[in-house]
Every structure is written in C-alpha cells, then in structure tokens.
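Novice: I need the structure of the sequence given here:
(2 chains)
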Amino acid sequence: MKKIEAVIKPHKLDEVKEALHALGVTGMTAYDVKGFGRQKGHTEVYRGNEYTIDFVPKTKIELVVSDDLAPKVEQAIIDAARTDKIGDGKVFTFDCVGAVRIRTGERGDDAL
Amino acid sequence: MPAIDTGSTAWMLVSAAMVLFMTPGLALFYAGMVRSKNVLSSTMHSLFAMGLVSVIWAVIGYTLAFGPDASGVIGGLKSLGLDGVLGAVTGTGTSAIPTSVFAMYQGMFAIITVGLITGAVAERMKFKAYVIFAALWALLVYSPLAHWVWGGGWLAQFGALDFAGGTVVHIASAAAALAAAIVLGKRKGYGTEEMRPHNIPMSVLGAGILWFGWFGFNAGSALGSGQLAGSAFMATNLSAAAGMLTWGLAEVLTGHKPTVLGAASGAVAGLVGITPAAGFVGPMPALAIGAITGVACYFGLRVKSHFGFDDALDVVGVHGVGGTTGAILTGVFASLAVNSAGANGLLFGGGLALLGKQLVGVGATIAFSFTVSFIILKLLDSTMGIRVDAETEAGGLDVAEHAETGYEF
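Specialist: Residues are numbered from 1 along each chain as shown, chains lettered A, B, ... in the order given. Next comes the predicted model:
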C-alpha cells in the first residue's frame, strides 16, 4: 500500500476529489494548513504596521491506496491541482506498512 | 420638589444606556485587535470595568466628582453612597432631570474611560494588578478630573471648554496608557514577532457600537433634549465620517491600500476629536475637526515607534493625539452662536484667549493623569508585580489568567 500526501491550493480541493472519485478511490482526509515553497508571501498592513506573511493558506490531502493504484492517483492529483502558476504544491508518496478498518477489522488492501 | 422635564429625562436615560453600551463596544473593538490567545483577557478589561467602576462610582466616585466643590479641587463626601440623590433634581427648566439619571449618566463615562486605558496594557498585564489599578485610577484620577472640568472645579472656572470629555476621558486615559506602557515594558517579541489583529470583523462591530453610543456620549452631554443636543449629535456624526475618509485618504496617499481597520479607526479618531467640541461648534467646523483629527491620528500612531513604547492598541495615538487635537480645535472653532454657554474660538472672533485656555486644560490633564498613574503603577509593580511572567505571556493570558479559551473550533 502507498500513502499519498499532497499539498494543493485550497480552491482545487473539489476538483482533486472528483478526479480521485473517477479513479475509484473511496476515501481521503483533507485539512487546512499553511505553507510556502518558492511562492513568495505577501504584505499586510495594520494601523501602519507592515507584516510580511510568509505562509500561504494551503490544503493537505492524505489517502492510502493499493500499490497499483498509486501512480494513477499521483497523476490524477497533478492534473486536477495544476494551475501552471507558482504555488501549485507537491505530491509525496510513502510506503504504508499497515491499514485496518476499525469497524470490521479488515486488513491490508481490504481495508482501503 | 422642582419639576423635571420628561423629554430631557427620557433622552438622558437613553443616553446613559448608550454610553454604557460603548464599553462592550470597546471590548469588541480592542479584542479583535489582539492575538486570539488574549481575546478574553482583552475583553475582560472592559467587561470587568462595567462592574468594578459602577460600584466604585456609586459608593464614592460620584460624590468626589460632583459633590459640592471644595476649593476647586474635589467635590466632598456629601453624596457618599449616592446619599440624597434619589428624588433630587439636577439642572433647570427644560433641562431639569432627576439627579439619579445625571449620576448614572456620568458614571458610564467613568467606566469607559478606565476601559480605554487597557488598550496599552494588552497581552501582558496581570488581571489582579489591573483590577487594583482600575479602582485606584477611577478614584484618584477620574473623579478629580471630572470635578475640575464638569463638577465646578478649577478648570471649569478657568474657562477651558470640554463638552463631553476630550480631556477627562480621552487625554486622561491616553496619559495613563502612556504611563502603563512605560512601566509594563514592551511585549516580548515586539518589533520582531507577528502581532496582527486576529478578528477584524469583531473590531468593526465594536467600532460601530462605539459610533452609535457616542451620540449618547456627545449629544447626551447637552444634559437635556433640545437644540444643543441636536447640534452635538450632528457634529458627532460629521466628525466621525470625515475622520474615516481622511484616514483612508492618508493610507492611500502614503502608498497603502485603504484598510477596513483604518476606516474603523479613522471614524473613532473623528469621534475622539469632536468629543470636546461637539456642543460648541457648527456642522462644517465639525467636518473640519474630523478631517484634521483623522489625519493627525493616522500619523500619531508613529509616535510610539519614535519613542519606543509599546502602546499595543494605540491609546496614545488615537485618544491622546485625537483628544489633544480636538481640544485645540475647540479653541479654533467654538462659537457662541452655537452655544451661548461656550466661547468664541480663534476663527469666530475670540482671538487666542480660548485657545490658550484649552492648552492649559490639555497640559494639566496630561500632567495630572500621567503622574498619578505612573505612581500607582510603580507602587503596584514594586509590591505585587504588574506584568505576567514570560511563559504566561507566550502561551496567552486567557488560559493562564482566566482558565478559559476564547474559541473552540
């Protein structure tokens, strides 16, 4: 099994989710994060005080899929999340050594 | 028993309630500008003042401020515990209102003045120390000042004009705020760490409530319903509006975007500026006062970076600079045609006489409030310490001082 983590632009979450549904992916986790890579931050001014905001709001998604599905998932995320503008994000793939469905106790690919 | 005017009484009852409403409004205005870990601490400063100062005012604050004058410096203790207030009448003719209403109205001013100071101490003052400071300040600074300006004391006799509290409320609180910022010291990380407002919509709601309540603050200072209340109401709105516009203009002309916090702050600045002038100036001068004060306060914010004190929420920059600007402009724009109990300012045939008196009023207020505040704070600091420890400051005061969290997402 592979765990795939992706940092994407928040407004791309729905598109990514739809693309993964189309592949037959049955679940994922998403949460709000902030981060930066090469994308510069911006300046905000409050009562004359300037603040450089390095971090940009992003969305992180995580999902665990079977080994054969992983490359397709990675590509689907890339295609759905890309805007060709700086700050599109990154996709990371890790080995996942165990997965269990809590309700039923199913293990491995049966848990996905 | 002399008759009361029911129209004036009704207006003053409403005004008193409106001024009280300004304090929770101030709570929102300030709290939105601190970091979320301190939202409750900031709120508590204003909220608790409503309880603490209400009681102190009733027991002894009112009589010290408005008791029969003793050598121009203080009222006596004749109305200790509001003795004799019920059933008595203050004012005459169409401005005759129950003394109870008058006493309550004035008390609301004491409450918010204490609340205003807390902008400077945000995010690092021990709550216990704040409570004791607030109580002492209300008694030793506010009541005497209120007496000098409104209770028949020496500044009133001298002829300085302060319709609704430019000195007593705004300059006094700013001078105290400066003393507090100096004694407390800067917040850890000031200048390097990000300390942004955490909830600007909250601050805007607060500013809106302040603007609304300020009609009670200024127009209610006519102490009756009639032409003077009308002109003060008008001057108040015009100054707030002009202040908002010129602050925004100043932002844009200095190369920034027009901000929401700036628009709200500009309105507040205009309101501060018109406070001493509201019942003495006409509508166009009110526009001018708001416009000038808006710009003055916009640049007044820089004062703290120049002198290196951490006035967290700009009490000095807005209430100090604004109150002083307004007091001075009262000396320029006051007109006997608007209020025959006032005087003529520089542009209305009065020469420099009134202007000179205004400066004395400003100077006396700053000197008195700063000095007494500084002494109180130094005493408190040397006995109980007024600043929280480093760990509390880092983790936020809400959890450490109040065992509460503002937001649970």
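Novice: give me the number of residues near residue 45?
Specialist: As the question left the chain open, I've gone with chain A. 16 (other C-beta atoms under 10 Å in any protein chain shown). The way it works is simple: take the backbone N, C-alpha and C, and place the C-beta from them, glycine included.
Novice: meant chain B, my bad for not saying
Specialist: Per other C-beta under 10 Å, the neighbour tally for residue B:45 reads 26.
Novice: try the one 3 residues further on
Specialist: By other C-beta under 10 Å, the residues close to residue B:48 number 18.
Novice: my read: it touches residue B:132, true?
Specialist: No. Using C-beta atoms under 8 Å, residue B:48 is not in contact with residue B:132; the gap is 11.9 Å.
Novice: Using PDB, list the CA coordinates for stretch B:117-133.
Specialist: Backbone C-alpha positions of stretch B:117-133 (Å, rounded to 0.1, in the frame of the first residue of the first chain) are rendered in PDB as follows:
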ATOM      1  CA  ILE B 117      -6.600  52.700  29.100                       C
ATOM      2  CA  THR B 118      -6.400  49.000  28.800                       C
ATOM      3  CA  GLY B 119      -5.500  49.100  25.100                       C
ATOM      4  CA  ALA B 120      -2.000  50.000  26.100                       C
ATOM      5  CA  VAL B 121      -1.600  47.100  28.600                       C
ATOM      6  CA  ALA B 122      -2.900  44.400  26.300                       C
ATOM      7  CA  GLU B 123      -1.400  40.900  26.300                       C
ATOM      8  CA  ARG B 124       0.900  41.300  29.300                       C
ATOM      9  CA  MET B 125      -0.800  42.800  32.400                       C
ATOM     10  CA  LYS B 126      -1.800  40.700  35.400                       C
ATOM     11  CA  PHE B 127      -5.500  40.800  35.800                       C
ATOM     12  CA  LYS B 128      -5.300  41.200  39.600                       C
ATOM     13  CA  ALA B 129      -3.000  44.200  39.100                       C
ATOM     14  CA  TYR B 130      -5.400  45.700  36.600                       C
ATOM     15  CA  VAL B 131      -8.300  45.500  38.900                       C
ATOM     16  CA  ILE B 132      -6.500  47.300  41.700                       C
ATOM     17  CA  PHE B 133      -5.100  49.900  39.300                       C
END
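Novice: now it: how far from the chain's centre is it?
Specialist: Averaging C-alpha positions (C-alpha atoms, centre = their mean, to the nearest Å) puts stretch B:117-133 16 Å from its chain's average.
Novice: That stretch close to chain A?
Specialist: No. Stretch B:117-133 lies out of reach of chain A by C-beta under 8 Å from any C-beta of the partner chain, never closer than 11.5 Å.
Novice: which stretches of chain A form strands?
Specialist: Assigned by DSSP state E, chain A shows strands spanning A:2-8, A:29-35, A:42-46, A:49-53, A:56-65, A:89-95.
Novice: Okay, buried residues for the last one please.
Specialist: What that stands for is strand A:89-95. A:89, A:91 (16 or more other C-beta atoms under 10 Å in any protein chain shown).
Novice: Show me which positions of the lowest-mean-pLDDT helix or strand in chain A end up buried.
Specialist: Using mean pLDDT, DSSP states H and E, the weakest-scoring helix or strand in chain A turns out to be strand A:49-53, at a mean of 87. For strand A:49-53, the buried set under the neighbour-count rule, 16+ other C-beta under 10 Å, is empty.
Novice: OK, contacts around residue B:293?
Specialist: Shown in contact with residue B:293 (C-beta atoms under 8 Å, 6 or more residues apart in numbering or on different chains): B:239, B:243, B:269-270, B:272-274, B:321-322, B:325-326, B:329.
Novice: And for it, nearest residue in space, chain neighbours not counted?
Specialist: residue B:273 (2.9 Å; C-beta to C-beta, 6 or more residues apart in numbering or on different chains).
Novice: name the element that neighbour belongs to?
Specialist: Assigned by DSSP states H and E, residue B:273 belongs to helix B:260-274.
Novice: and the direction of that helix versus that of strand A:42-46, what angle?
Specialist: With axes from the mean of the first three to the mean of the last three C-alpha atoms, to 10 degrees applied, the angle from helix B:260-274 to strand A:42-46 works out at 20 degrees.
Novice: avg pLDDT for helix B:260-274?
Specialist: Mean pLDDT, computed over helix B:260-274, is 98.
Novice: Go through the contacts of residue B:293 and say which is closest to residue B:409.
Specialist: residue B:269 (33.5 Å; C-beta to C-beta).
Novice: Just checking the distance from the top helix by length along chain B to the centre of its chain.
Specialist: Secondary structure assigned by DSSP state H gives helix B:353-383 as the longest helix of chain B. Centroid separation between helix B:353-383 and its chain, computed with C-alpha atoms, centre = their mean, is 14 Å.
Novice: need the next SSE after that helix, C-terminal direction.
Specialist: Past helix B:353-383, the next helix or strand by DSSP H and E is helix B:390-395.
Novice: Give the next helix or strand downstream of that next one.
Specialist: Criterion used, DSSP H and E; the element after helix B:390-395 is helix B:397-402.
Novice: Which residue ranges of chain B form strands?
Specialist: B:69-70, B:74-75, B:89-90, B:97-98.
Novice: Out of the ones you listed, flag the one nearest chain A.
Specialist: strand B:74-75 (37.6 Å; C-beta to the nearest C-beta).
Novice: circling back to that earlier point, need the contacts of residue B:293 in JSON lines (columns: distance to residue B:354).
Specialist: What follows is the contacts of residue B:293, written out as JSON lines (distance: C-beta to C-beta, whole Å):
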{"residue": "B:239", "distance to residue B:354": "19"}
{"residue": "B:243", "distance to residue B:354": "23"}
{"residue": "B:269", "distance to residue B:354": "23"}
{"residue": "B:270", "distance to residue B:354": "21"}
{"residue": "B:272", "distance to residue B:354": "20"}
{"residue": "B:273", "distance to residue B:354": "17"}
{"residue": "B:274", "distance to residue B:354": "17"}
{"residue": "B:321", "distance to residue B:354": "20"}
{"residue": "B:322", "distance to residue B:354": "19"}
{"residue": "B:325", "distance to residue B:354": "15"}
{"residue": "B:326", "distance to residue B:354": "14"}
{"residue": "B:329", "distance to residue B:354": "11"}
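Novice: Get me the contact residues on chain A for chain B.
Specialist: Near chain B, when you scan chain A using C-beta under 8 Å from any C-beta, you find A:44-48, A:51, A:53.
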